[in-house]
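> for reference, the sequence and a predicted model appear below.
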Amino acid sequence: MALRILKTVRQVAQPLAVTLGGQQTQQLIHTTPACCEIRKLARLRVVDNSDLGKKAMAEGRPPRCIHVYNKRGVGLIGDKVLVAIKGQMKKGILVGLKQKQKPKQPKFDSNNLVLIDDNGSPLGTRIHVPIPTILRTILKEKTLAKGADYTKVLAIASRYV
């Protein structure tokens, strides 16, 4: 019988005093490393220009993964995830990952996410980072299998890798 050791990721935030314009404010610093797999509580980076994503990234409180919509529970490129962002639950599509990829899929420096609504259309109007070309075939297959239209995410992308 194999023994599995489950590691839980806890966010440890330490206060840091910062002086800006004569006023002293406190900010929180994340001391946990960024997770290389997309599981529950993994920190993600919003790469579209949606208002909710821009505000969360500017505050230094990136969205955290709550649930991955696949059987394995580990997110891959093109998977849909449920994230907690600024006290709300939103859905998103993973467009770039730090983890080791399949052949001919690029590996990114951060875990990138595009926020979508319930029917699959993106909340933003532009994606700021290049997305992998393999995402075209992955999202087109998912569009045919499911009712949502994920091809709109491909339409707002400006660059492909």
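Yep, that arrived.

> go through the host helix or strand of Leu52 and flag the buried ones.
Remark: Leu52 resides in helix 51-59, with elements defined by DSSP states H and E. Counting neighbours by 16 or more other Cβ atoms under 10 Å, one finds that the buried residues in helix 51-59 are 52-53, 56-57. Placement of C-beta: from N, CA and C, glycine included.

> dump these into CSV; add pLDDT and distance to Lys104 as well.
Supplementary listing: the buried residues of helix 51-59 in CSV, determined by pLDDT from 0 to 100; distance: Cβ to Cβ, whole Å:
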residue, pLDDT, distance to Lys104
Leu52, 93, 33
Gly53, 91, 28
Ala56, 91, 32
Met57, 88, 29
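
> ok, back up a step: what's the helix holding Leu52 packed up against?
Using 3 or more Cβ pairs under 8 Å, 6 or more residues apart in numbering; DSSP states H and E, the elements in contact with helix 51-59 are strand 45-46, strand 80-85.

> check what pLDDT Thr19 gets.
Looking at Thr19, its pLDDT is 60.

> any weak-confidence spans in this structure?
Scanning the chain for pLDDT under 70 picks out the ranges 1-22, 24-36, 144-147.

> please name the residues that touch the residue positioned nearest the centre of it.
Compute the mean C-alpha point of the chain, and by Cα atoms, centre = their mean the closest residue is Leu113, 3.2 Å away. Taking Cβ atoms under 8 Å, 6 or more residues apart in numbering as the contact definition, Leu113 lies against 44-47, 63, 81, 83, 92-95.

> quick one, which of the helices and strands packed on helix 51-59 is packed in tightest?
Mean neighbour counts were taken over the helices and strands packed on helix 51-59 using mean count of other Cβ atoms under 10 Å, and the top value, a mean of 22, falls to strand 45-46.

> quick check: buried residues in the lengthiest helix in the chain?
Taking DSSP state H as the criterion, the chain has its longest helix at helix 134-145. If you call a residue buried by 16+ other Cβ under 10 Å, then helix 134-145 has these buried ones: 134-135, 138-139, 142-143.
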